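**Q** Structural data only, the sequence is not supplied:
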């Protein structure tokens with residue numbers, strides 16, 4: 001398997017190269033040069049596999065010579081041994097909707113599905129090499145905790161996690177900042193998630209800095225995140241009784257999770273539509289519904305993981321929509337940076353063949369949480385509520401909603417909606433009484449780089 005970049009379609013790199021780099025030198029995102037499409041018979045052969053075996057089959061398509069299939073199977077098994085569900089994910093029926101619960105990992109969010117695997121990929125790589133790696137990652141709430149849990153205590157690897165100061169839920173923050181491992185560094189940035197993400201991108205773009213610290217990244221820009229998330233679309237389809245085309249409603253801010261669904265469809269999974277469900281930070285909804293990809297000011301909401309105005313993974317879709325034309329993508333990314341980009345009519349029609357979109361405001365989100373609890377005695381988190389509400393708004397059938405986080409991570413929103421407290425699982429209750437450790441920085445690249453350099457070991 002060979003990979004090129006959305007901003008340089010002439011390069012050819014292995015999975016190992018693109019996994020460790022995370023982001024291409026010119027700032028582009030990696031994609032495989034060819035995407036395997038399963039035949040109907042091949043899909044049938046995957047249907048009865050366990051989640052772990054299915055993950056091994058699908059992920060091995062993309063990893064090339066990184067490791068043998070036997071080694072990959074061991075890595076997958078180790079990664080998902082930390083989950084409370086035997087099948088990693090869980091399907092739940094609510095009225096005419098199927099809810100795919102993705103939050104049964106150690107930090108109670110869908111990010112664990114990919115991040116546990118990535119942590120063990122790093123460990124496998126470093127067991128063969130004497131290198132030291134420094135991971136720098138931005139988080140809007142859940143990615144950081146999942147990355148910390150996956151990387152904590154591992155030899156020859158440090159992780160620096162940037163989160164927007166006072167703009168994520170207390171539980172999300174404490175899942176990160178109470179970790180005492182010496183290779184974990186938590187950094188609060190006075191700004192929003194887009195500021196954190198931009199700082200990480202600038203550090204990747206500074207070749208002398210990124211090379212000096214042997215920098216790597218685990219945001220959803222890392223292709224390994226995408227392929228790990230693709231698996232649960234396949235698994236879900238195989239576990240639903242009728243084998244007609246199904247659609248997925250995906251709460252998303254950075255477009256990574258829903259892009260994984262798009263990849264599954266490109267691989268031959270019979271997906272009809274992918275519904276991009278957003279909060280009031282609705283740039284993706286505006287882009288997909290009418291071509292408007294201009295950023296507004298970020299609003300702070302009760303669904304903080306979506307408080308984003310620059311959806312990094314959208315670049316991958318644009319690259320494919322514009323026929324893998326990296327020169328065109330470079331032009332588009334300049335326009336996006338200047339807040340001047342609109343999708344042309346031809347590109348918009350191509351996107352709308354596969355994608356729908358909808359957004360919900362705060363009042364609507366709270367009402368969805370309330371109604372689901374009242375009618376089914378099930379508590380859902382604000383992000384999952386957006387996925388449910390988006391389906392209700394478009395009034396279409398045969399949807400699976402991705403439940404991306406456990407409701408206990410958003411106690412204020414849940415209490416505001418149903419006046420109930422959702423307890424943390426027993427293994428996490430202790431974090432609420434532990435001391436937090438994190439540094440607060442201004443949105444300043446040079447001071448941040450200096451701090452990271454001084455703490456690279």
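**A** Arrived safely. Quick caveat: nothing in here was measured; it's all calculated off a predicted structure. Numbering: from 1, shown residues only.
**Q** Buried residues, whichever strand or helix holds residue 209. List them.
**A** Using DSSP states H and E, residue 209 maps to helix 207-212. Using 16 or more other Cβ atoms under 10 Å as the burial criterion, the residues of helix 207-212 that qualify are 209-210. All C-beta atoms are positioned from the backbone trio N, CA, C, and that covers glycine.
**Q** Please apply the same query to stretch 434-448.
**A** Those would be 438, 441, 443, 448, for stretch 434-448 by 16+ other Cβ under 10 Å.
**Q** Now do that stretch: distance from first to last residue.
**A** End-to-end distance of stretch 434-448 (Cα to Cα, to the nearest Å): 26 Å.
**Q** related to what we said a few turns ago, which two in the buried residues of stretch 434-448 are spaced the farthest apart?
**A** Pairwise distances across the buried residues of stretch 434-448 peak at 15.7 Å for 438 and 443 (criterion: Cβ to Cβ).
**Q** Would you check that residue 397 makes contact with residue 96?
**A** Yes - assessed by Cβ atoms under 8 Å, residue 397 is found in contact with residue 96 at 6.5 Å.
**Q** that older thread, name the residues that touch the helix holding residue 209?
**A** 25, 203-204, 215, 449, 453 (Cβ atoms under 8 Å, 6 or more residues apart in numbering).
**Q** what's the answer for stretch 51-71, then?
**A** Contacts for stretch 51-71 (Cβ under 8 Å, 6+ apart): 1, 14-16, 19, 32, 36, 46, 49, 72-73, 75-77, 80, 87-89, 117, 121, 124-125, 223, 227-228, 230-232, 234-235, 238, 267.
**Q** same question for it, mean pLDDT?
**A** Per-residue pLDDT values across stretch 51-71 average out to 96.
**Q** Stretch 334-352 too?
**A** 95.
**Q** Show the contacting residues for residue 424.
**A** Going by Cβ under 8 Å, 6+ apart, residue 424 touches 171, 408, 431-432.
**Q** Regarding it, what is its secondary structure?
**A** At residue 424 the chain is in coil, as set by DSSP: H, G, I helix; E, B strand; the rest coil.
**Q** Can you give me the buried ones in stretch 332-349?
**A** 332-333, 336, 341, 343, 347-348.
**Q** returning to what we had before: selection in ChimeraX covering whichever of the contacts of residue 424 are buried, please.
**A** In ChimeraX, a selection of the buried entries from the contacts of residue 424 looks like this (16+ other Cβ under 10 Å):
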select :171,408,431
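**Q** out of the contacts of residue 424, who's nearest residue 302?
**A** Nearest to residue 302 among the contacts of residue 424 is residue 171, at 13.0 Å by Cβ to Cβ.
**Q** quick one: the strands in the stretch 301-450 of the chain?
**A** Counting by DSSP state E, counting those that start in this stretch, the stretch 301-450 of the chain has strands at residues 355-359, 399-403, 439-441.
**Q** correct me, but residue 398 touches residue 248?
**A** No - Residue 398 is beyond contact range of residue 248, at 10.2 Å (criterion: Cβ under 8 Å).
**Q** So for the two, which residue has more residues nearby?
**A** Higher neighbour count among residue 398 and residue 248: residue 248, with 30 against 16, using other Cβ atoms under 10 Å.
**Q** Give me the three-state assignment for the more buried one.
**A** Classification of residue 248 using three-state DSSP returns strand.
**Q** I'd like the distance between it and residue 97.
**A** Distance, residue 248 to residue 97, by Cβ to Cβ, to the nearest Å: 11 Å.
**Q** just residue 159 next, same as before
**A** Using Cβ to Cβ, residue 159 is found at 36 Å from residue 97.
**Q** Same drill for the two, tell me which one is more crowded.
**A** Higher neighbour count among residue 159 and residue 97: residue 159, with 26 against 18, using other Cβ under 10 Å.
**Q** Tell me what that one is bridged to.
**A** Counting by DSSP bridges, residue 159 forms beta bridges with residue 135, residue 184.
**Q** Name all residues that make contact with it.
**A** Going by Cβ under 8 Å, 6+ apart, residue 159 touches 134-137, 147-148, 151, 183-185, 218.
**Q** Just the buried subset of those residues, please.
**A** Neighbour-count burial (16+ other Cβ under 10 Å) applied to those gives 134-137, 147-148, 151, 183-185, 218.
**Q** Show me which of these is closest to residue 262.
**A** Closest to residue 262, out of all of the buried ones among the contacts of residue 159 and judged by Cβ to Cβ, is residue 218, at 20.6 Å.
**Q** who are the neighbours in contact with that closest one?
**A** Contact analysis of residue 218 by Cβ under 8 Å, 6+ apart lists 22, 115, 118, 135, 137, 143, 147, 150, 159, 225.
**Q** tell me the SS of it?
**A** Residue 218 - assigned by three-state DSSP - is coil.
**Q** State the distance from it to residue 22.
**A** From residue 218 across to residue 22, the span is 7 Å (Cβ to Cβ).
**Q** same check, this time on residue 209
**A** Using Cβ to Cβ, residue 209 is found at 14 Å from residue 22.
**Q** try residue 399
**A** Separation of residue 399 from residue 22 (Cβ to Cβ) stands at 32 Å.
**Q** same question, residue 448
**A** 17 Å.
**Q** before we move on, what about residue 109?
**A** 20 Å.
**Q** Also residue 1?
**A** Residue 1 sits at a distance of 17 Å from residue 22 (criterion: Cβ to Cβ).
**Q** Point out where the stretch 101-250 of the chain drops to low pLDDT.
**A** For the stretch 101-250 of the chain, the stretches with pLDDT under 70 are 241-243.
**Q** quick one, helices of it?
**A** For the stretch 101-250 of the chain, the helices defined by DSSP state H, counting those that start in this stretch cover 111-128, 142-151, 170-177, 193-205, 207-212, 223-239.
**Q** likewise the stretch 351-457 of the chain?
**A** Using DSSP H, counting those that start in this stretch, helices in the stretch 351-457 of the chain cover 362-376, 382-394, 411-418, 445-455.
**Q** Could you point out which of these sits nearest residue 318?
**A** Per Cβ to Cβ, nearest to residue 318 of the helices of the stretch 351-457 of the chain: helix 382-394, 22.2 Å.
**Q** And the contacts of that closest one?
**A** 94, 97, 99, 249-251, 275, 277-279, 301-303, 305-306, 356-360, 364-366, 368-369, 372, 380, 399, 401-405, 407, 410, 413.
**Q** Tell me the buried residues within the residues you listed.
**A** Among the contacts of helix 382-394, the ones that count as buried by 16+ other Cβ under 10 Å are 97, 99, 249-251, 275, 277-279, 301-303, 305-306, 356-360, 364-366, 368-369, 372, 380, 399, 401-405, 407, 410, 413.
**Q** Please point out which parts of the one helix or strand residue 54 maps to sit buried.
**A** For residue 54, the element it lies in under DSSP H and E is helix 51-63. Buried residues in helix 51-63, counted by 16+ other Cβ under 10 Å: 51-52, 54-60, 62-63.
**Q** Doesn't residue 277 lie inside a helix?
**A** No - per three-state DSSP, residue 277 lies outside any helix segment and is strand.
**Q** and it, what does it touch?
**A** Residues near residue 277 by Cβ under 8 Å, 6+ apart: 249-252, 357-360, 386-387, 389-390.
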